[in-house]
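Novice: next input, structure requested:
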Amino acid sequence: MSRLLATETGDTTSFAVHSDSAPTYYVTGNPAQMAEVTRKLEHHVAALTAFDPIIGTDIPVTARLADQQEQSFLHMVTADPNRTPTFILFGDPDFFLFSSGTTTACTPLSACSTETNGFAWNHGDFQPEITNTWLGLAGPGVHHQGVTGEIFSDHTDIRPTMILLAGSLTTTRMRPRAVRSVAGRCRPGPVAPTSRDAYDLADAYKAINAPLGTLGTVTLQHTTASIEGSDADYGAFVAQLAGFTRQRDTLAGQMIQMLERAEFGRECREAGDRGGERPPRLHPLTSAFSDCC
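Specialist: A predicted model of the protein is given here:
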């Protein structure tokens, strides 16, 4: 990345990256989001091209960009500000990106790309070929339904799903939800978790709160366009997204409380009043449950 930037834009800004198909950029000195050095580097990164040895031609490197406000919206900011990247480049999925820190010219451009043997990656980025993986569930209380691609879940959904399958309770707040579409006739909860409202609520929670949910995908797209635009428009967008993030967090907090009461209460309710219709998924993993009572 450092060599490509120097070759194509003349930008020799000092930075470090965490190598990935979506590398995190840490600009030396930890400049502010609106600092000139940050904005210049973002614009230059957005315009980069590189030789793709898989298809044999030069292609754009950057598919999406996430600044610190977008990272907050996507739940990528921790309590330690030193861990927060200046920005993140979500690259073309053909690339695994790294930086040597040197500025030797890429002459030709293909000199800065290699295709190695015995190396594959399936993490980072946002494209389906990178982010779609599988989870297998088997055992008491799990439907024997075979392979399905209909269930949308995140890694964080696995813990509440396992807790629900095991019939355990927890006092720890869980931002993810159990995957309800694995559940069959009987589920715990003081609120009927098999009602249409409960299923719709769970789907809506995932849509607004998951990094790869509907809302996260849309904000990442708009953030990228805003970063690539003028400073004035970008500043206005950052302020708007900050307010939007607060509203989303408040709403998601209320939704997860309702879902937790439905999933982890002690009362068991039948799902047999749906006329034999298989209940829709409440939480991605819960479609695996059979009789949990």
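Novice: which residues in the stretch 1-150 of the chain form strands?
Specialist: Per DSSP state E, counting those that start in this stretch, the stretch 1-150 of the chain carries strands over the ranges 15-18, 24-27, 49-52, 57-60, 62-66, 87-91.
Novice: got the contact list for the second one?
Specialist: If you take CB atoms under 8 Å, 6 or more residues apart in numbering as the criterion, strand 24-27 is touched by 13-18, 37-38, 41, 45, 85-89. No exception for glycine: its C-beta is placed from N, CA and C like everyone else's.
Novice: please name whichever of the strands of the stretch 1-150 of the chain is nearest to Ala252.
Specialist: With CB to CB as the criterion, Ala252 lies closest to strand 62-66 of the strands of the stretch 1-150 of the chain, at 18.9 Å.
Novice: report the inter-axis angle for that closest one versus strand 87-91.
Specialist: Strand 62-66 runs at 150 degrees relative to strand 87-91, counting by axes from the mean of the first three to the mean of the last three CA atoms, to 10 degrees.
Novice: pLDDT averaged over strand 62-66 - what is it?
Specialist: Mean pLDDT, computed over strand 62-66, is 98.
Novice: now do it: which elements does it pack against?
Specialist: The helices and strands touching strand 62-66, judged by 3 or more CB pairs under 8 Å, 6 or more residues apart in numbering; DSSP states H and E, are helix 36-46, strand 87-91, helix 214-227.
Novice: how far does the first one sit from the chain's center?
Specialist: It stands for helix 36-46. 23 Å (CA atoms, centre = their mean, to the nearest Å).
Novice: can I get that helix in PDB, CA atoms only?
Specialist: The C-alpha trace of helix 36-46 is given here as PDB (Å, rounded to 0.1, in the frame of the first residue of the first chain):
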ATOM      1  CA  GLU A  36      -5.800  17.600   6.500                       C
ATOM      2  CA  VAL A  37      -3.400  14.700   6.600                       C
ATOM      3  CA  THR A  38      -6.300  12.200   7.200                       C
ATOM      4  CA  ARG A  39      -8.500  13.700   4.500                       C
ATOM      5  CA  LYS A  40      -5.700  13.700   1.900                       C
ATOM      6  CA  LEU A  41      -4.700  10.100   2.600                       C
ATOM      7  CA  GLU A  42      -8.300   9.000   2.500                       C
ATOM      8  CA  HIS A  43      -8.800  10.600  -0.900                       C
ATOM      9  CA  HIS A  44      -5.600   9.000  -2.200                       C
ATOM     10  CA  VAL A  45      -6.400   5.600  -0.900                       C
ATOM     11  CA  ALA A  46      -9.900   5.800  -2.500                       C
END
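Novice: quick one on the thing from earlier: can I get the buried part of the contacts of strand 24-27 as one ChimeraX selection?
Specialist: Buried members of the contacts of strand 24-27 can be picked out in ChimeraX with the line below, counting by 16 or more other CB atoms under 10 Å:
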select :13,15,16,17,37,38,41,45,85,86,87,88,89
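Novice: and the helices in the stretch 51-200 of the chain?
Specialist: 68-73, 128-131, 158-166, 196-209 (DSSP state H, counting those that start in this stretch).
Novice: and Thr7, how many residues sit next to it?
Specialist: If you count neighbours by other CB atoms under 10 Å, Thr7 ends up with 19.
Novice: meant to ask about Glu150, not that
Specialist: 9.
Novice: repeat for Met162
Specialist: Using other CB under 10 Å: Met162 sits among 15 other residues.
Novice: so what pLDDT did it get?
Specialist: 83.
Novice: same thing with His144?
Specialist: 81.
Novice: farthest-separated two in the contacts of strand 24-27?
Specialist: Every pair of the contacts of strand 24-27 checked by CB to CB; the farthest is His18 and Val37, at 19.3 Å.
Novice: just to revisit the earlier point, just so I know, which of the helices of the stretch 51-200 of the chain lies nearest Ser226?
Specialist: Across the helices of the stretch 51-200 of the chain, closest to Ser226 is helix 68-73 (CB to CB), at 9.0 Å.
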